[in-house]
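Chemist: Let me see the structure of the following:
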Amino acid sequence: MSNKLQMSDIRRAVSRAEGSDPELEGLIREVLSRLGEDPERDGLKRTPLRIANALHFLTSGYQQTVEDVVEGAIFQDECDEMVVVKDVEFYSQCEHHMLPFFGRVHVGYIPDGKIIGLSKIARVVDVFARRLQVQERMTGQIADGLMSILAPRGVGVVVEASHFCMMMRGVQKQNSSTLSSAMRGIFKEDARTRVEFMELIRR
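Modeler: Numbers count the residues shown, from 1 in each chain. Reported below is the predicted structural model:
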(Lines give C-alpha, C1' and ligand atoms only; values in the text may rest on other atoms or scores of the structure.)
Protein backbone atom coordinates (compact mmCIF):
# COMPACT_ATOMS: atom_id res chain seq x y z
CA MET A 1 0.00 0.00 0.00
CA SER A 2 2.78 2.41 0.93
CA ASN A 3 4.55 1.66 -2.37
CA LYS A 4 1.38 2.49 -4.31
CA LEU A 5 1.01 5.75 -2.41
CA GLN A 6 4.62 6.56 -3.07
CA MET A 7 4.26 5.95 -6.82
CA SER A 8 1.10 8.06 -6.87
CA ASP A 9 2.93 10.90 -5.13
CA ILE A 10 5.75 10.65 -7.66
CA ARG A 11 3.30 10.81 -10.59
CA ARG A 12 1.61 13.88 -9.13
CA ALA A 13 4.98 15.55 -8.57
CA VAL A 14 6.04 14.81 -12.15
CA SER A 15 2.73 16.18 -13.45
CA ARG A 16 3.15 19.38 -11.45
CA ALA A 17 6.75 19.74 -12.67
CA GLU A 18 5.67 19.25 -16.28
CA GLY A 19 2.80 21.64 -15.84
CA SER A 20 -0.22 21.71 -18.09
CA ASP A 21 -1.69 24.10 -20.60
CA PRO A 22 -5.21 22.88 -21.42
CA GLU A 23 -5.82 25.60 -24.00
CA LEU A 24 -2.67 24.72 -25.95
CA GLU A 25 -3.45 21.02 -25.65
CA GLY A 26 -6.91 21.70 -27.11
CA LEU A 27 -5.38 23.53 -30.07
CA ILE A 28 -3.00 20.66 -30.73
CA ARG A 29 -5.90 18.22 -30.54
CA GLU A 30 -7.69 20.32 -33.18
CA VAL A 31 -4.59 20.27 -35.41
CA LEU A 32 -4.46 16.47 -35.18
CA SER A 33 -8.12 16.28 -36.19
CA ARG A 34 -7.61 18.62 -39.14
CA LEU A 35 -4.71 16.45 -40.32
CA GLY A 36 -7.11 13.51 -40.50
CA GLU A 37 -6.07 11.82 -37.26
CA ASP A 38 -8.16 10.65 -34.33
CA PRO A 39 -6.72 12.35 -31.22
CA GLU A 40 -8.65 9.91 -29.03
CA ARG A 41 -6.92 6.77 -30.30
CA ASP A 42 -4.53 5.10 -27.87
CA GLY A 43 -1.31 6.29 -29.46
CA LEU A 44 -2.41 9.95 -29.52
CA LYS A 45 -4.39 10.40 -26.31
CA ARG A 46 -1.48 12.00 -24.44
CA THR A 47 0.20 13.49 -27.50
CA PRO A 48 -1.32 17.00 -27.03
CA LEU A 49 0.09 17.09 -23.48
CA ARG A 50 3.50 15.89 -24.66
CA ILE A 51 3.65 18.41 -27.50
CA ALA A 52 2.53 21.26 -25.23
CA ASN A 53 5.24 20.38 -22.69
CA ALA A 54 7.84 20.05 -25.45
CA LEU A 55 6.92 23.43 -26.94
CA HIS A 56 7.12 25.13 -23.55
CA PHE A 57 10.60 23.65 -23.04
CA LEU A 58 11.81 24.43 -26.55
CA THR A 59 10.72 28.08 -26.17
CA SER A 60 11.80 28.51 -22.54
CA GLY A 61 14.31 31.15 -23.63
CA TYR A 62 11.49 33.70 -23.73
CA GLN A 63 11.30 33.47 -19.93
CA GLN A 64 15.07 33.92 -19.43
CA THR A 65 17.59 36.70 -19.72
CA VAL A 66 21.36 36.59 -20.00
CA GLU A 67 21.56 38.02 -16.47
CA ASP A 68 19.35 35.19 -15.16
CA VAL A 69 21.50 32.37 -16.51
CA VAL A 70 24.89 33.93 -15.73
CA GLU A 71 23.87 34.20 -12.06
CA GLY A 72 26.82 36.35 -11.04
CA ALA A 73 29.45 33.98 -12.48
CA ILE A 74 31.57 36.90 -13.68
CA PHE A 75 34.98 37.33 -12.07
CA GLN A 76 37.54 40.09 -11.95
CA ASP A 77 40.71 39.00 -13.73
CA GLU A 78 43.59 40.65 -15.54
CA CYS A 79 43.48 38.16 -18.42
CA ASP A 80 43.69 40.06 -21.71
CA GLU A 81 44.17 37.18 -24.16
CA MET A 82 41.50 35.63 -26.35
CA VAL A 83 39.22 33.01 -24.76
CA VAL A 84 37.52 30.59 -27.16
CA VAL A 85 34.78 28.04 -26.45
CA LYS A 86 34.13 25.75 -29.42
CA ASP A 87 31.45 23.29 -30.43
CA VAL A 88 28.63 24.34 -28.11
CA GLU A 89 25.74 22.28 -29.44
CA PHE A 90 22.33 23.89 -29.75
CA TYR A 91 18.82 23.04 -30.91
CA SER A 92 16.34 25.67 -32.03
CA GLN A 93 13.20 26.05 -34.13
CA CYS A 94 12.88 28.00 -37.36
CA GLU A 95 10.23 30.69 -36.97
CA HIS A 96 9.06 30.27 -40.56
CA HIS A 97 8.04 26.60 -40.42
CA MET A 98 8.56 25.68 -36.74
CA LEU A 99 10.92 22.92 -37.84
CA PRO A 100 14.18 22.31 -35.97
CA PHE A 101 17.57 23.63 -36.85
CA PHE A 102 20.61 22.54 -34.91
CA GLY A 103 24.38 22.68 -34.90
CA ARG A 104 27.34 24.20 -33.13
CA VAL A 105 28.25 27.62 -31.80
CA HIS A 106 31.83 28.87 -31.46
CA VAL A 107 32.40 31.85 -29.17
CA GLY A 108 35.50 33.94 -28.59
CA TYR A 109 36.04 37.04 -26.49
CA ILE A 110 38.89 39.21 -25.28
CA PRO A 111 38.39 40.19 -21.62
CA ASP A 112 38.72 43.71 -20.31
CA GLY A 113 39.10 43.03 -16.59
CA LYS A 114 36.30 40.42 -16.34
CA ILE A 115 35.92 36.77 -17.32
CA ILE A 116 32.85 34.54 -17.32
CA GLY A 117 32.41 30.97 -16.06
CA LEU A 118 32.80 28.85 -19.18
CA SER A 119 29.58 26.84 -18.70
CA LYS A 120 27.66 30.12 -18.65
CA ILE A 121 28.55 30.71 -22.30
CA ALA A 122 26.60 27.55 -23.18
CA ARG A 123 23.69 28.80 -21.07
CA VAL A 124 23.71 32.13 -22.90
CA VAL A 125 23.51 30.20 -26.19
CA ASP A 126 20.44 28.34 -24.90
CA VAL A 127 18.69 31.57 -23.86
CA PHE A 128 18.51 32.56 -27.51
CA ALA A 129 18.34 29.09 -29.12
CA ARG A 130 15.23 28.12 -27.14
CA ARG A 131 12.97 30.52 -29.01
CA LEU A 132 11.45 30.66 -32.46
CA GLN A 133 14.45 31.89 -34.38
CA VAL A 134 16.34 32.61 -37.54
CA GLN A 135 20.01 31.68 -37.42
CA GLU A 136 21.26 35.14 -38.38
CA ARG A 137 19.40 36.86 -35.54
CA MET A 138 20.37 34.25 -32.98
CA THR A 139 24.05 34.67 -33.86
CA GLY A 140 23.88 38.42 -33.24
CA GLN A 141 21.87 38.01 -30.03
CA ILE A 142 24.50 35.71 -28.53
CA ALA A 143 27.24 38.21 -29.35
CA ASP A 144 25.26 41.18 -28.02
CA GLY A 145 24.29 39.29 -24.86
CA LEU A 146 27.93 38.56 -24.04
CA MET A 147 28.95 42.14 -24.85
CA SER A 148 26.30 43.49 -22.48
CA ILE A 149 27.13 41.20 -19.55
CA LEU A 150 30.93 41.22 -19.85
CA ALA A 151 31.83 44.55 -21.48
CA PRO A 152 34.88 42.86 -23.09
CA ARG A 153 37.18 44.33 -25.70
CA GLY A 154 35.28 42.27 -28.25
CA VAL A 155 33.24 39.16 -29.01
CA GLY A 156 33.14 36.83 -32.00
CA VAL A 157 30.41 34.26 -32.61
CA VAL A 158 30.20 31.73 -35.45
CA VAL A 159 27.23 29.39 -35.85
CA GLU A 160 27.17 26.29 -38.08
CA ALA A 161 23.71 24.77 -38.49
CA SER A 162 21.56 22.32 -40.44
CA HIS A 163 17.94 23.30 -41.08
CA PHE A 164 15.14 20.76 -41.35
CA CYS A 165 13.11 23.27 -43.39
CA MET A 166 15.73 22.77 -46.14
CA MET A 167 16.31 19.06 -45.49
CA MET A 168 12.76 17.67 -45.05
CA ARG A 169 10.70 19.97 -47.29
CA GLY A 170 11.15 22.52 -50.07
CA VAL A 171 14.47 21.93 -51.83
CA GLN A 172 15.17 18.80 -49.70
CA LYS A 173 18.95 19.22 -49.61
CA GLN A 174 19.97 16.93 -46.75
CA ASN A 175 23.67 17.80 -46.83
CA SER A 176 23.31 21.57 -46.79
CA SER A 177 24.57 23.66 -43.88
CA THR A 178 24.55 27.34 -43.04
CA LEU A 179 27.31 29.45 -41.47
CA SER A 180 26.70 32.81 -39.85
CA SER A 181 28.95 35.12 -37.85
CA ALA A 182 28.66 38.16 -35.62
CA MET A 183 31.71 40.23 -34.71
CA ARG A 184 31.68 42.93 -32.06
CA GLY A 185 34.32 45.35 -30.77
CA ILE A 186 37.91 44.50 -31.65
CA PHE A 187 36.78 41.38 -33.54
CA LYS A 188 35.00 43.65 -36.01
CA GLU A 189 37.53 46.48 -36.01
CA ASP A 190 40.79 44.51 -36.25
CA ALA A 191 41.26 42.00 -39.06
CA ARG A 192 44.14 40.23 -37.27
CA THR A 193 41.97 39.50 -34.23
CA ARG A 194 39.22 38.18 -36.47
CA VAL A 195 41.66 35.96 -38.39
CA GLU A 196 43.13 34.59 -35.14
CA PHE A 197 39.64 33.68 -33.91
CA MET A 198 38.71 31.97 -37.19
CA GLU A 199 41.95 29.98 -37.20
CA LEU A 200 41.41 28.84 -33.61
CA ILE A 201 37.91 27.52 -34.28
CA ARG A 202 39.05 25.68 -37.41
CA ARG A 203 41.71 23.68 -35.52
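
Chemist: Can you pull the phi/psi pair for the residue lying closest to Asp112 once chain neighbours are set aside?
Modeler: Nearest residue to Asp112, sequence neighbours excluded (CB to CB, 6 or more residues apart in numbering): Arg153, at 4.8 Å. All C-beta atoms are positioned from the backbone trio N, CA, C, and that covers glycine. Main-chain dihedrals, Arg153, degrees, to the nearest 10: phi -70, psi -20.

Chemist: And the residue sitting nearest the centre point of the chain, how close does it get to Glu89?
Modeler: For the chain, Ala129 is the residue whose C-alpha lies nearest the centre (CA atoms, centre = their mean; 2.3 Å). Ala129 sits at a distance of 9 Å from Glu89 (criterion: CB to CB, to the nearest Å).

Chemist: just Gln63 next, same as before
Modeler: 21 Å.

Chemist: Over to Phe164?
Modeler: 16 Å.

Chemist: Repeat that for Leu35.
Modeler: With CB to CB as the criterion, Leu35 and Glu89 are 31 Å apart.

Chemist: more neighbours, those two?
Modeler: A count of neighbours by other CB atoms under 10 Å puts Glu89 above the other of Leu35 and Glu89, at 11 against 8.

Chemist: which SSE is Glu37 in?
Modeler: Of the helices and strands defined by DSSP states H and E, none includes Glu37.

Chemist: how near is it to Ala52?
Modeler: Note on Glu37: its distance to Ala52, by CB to CB, is 16 Å.

Chemist: Between these two, which is the more surrounded one?
Modeler: A direct count of neighbours by other CB under 10 Å for Glu37 and Ala52 places Ala52 higher, at 21 against 14.

Chemist: Run a quick check on the more buried one versus Ile28, I expect a contact.
Modeler: Yes. Contact criterion CB atoms under 8 Å: Ala52 and Ile28 qualify, at 6.3 Å.
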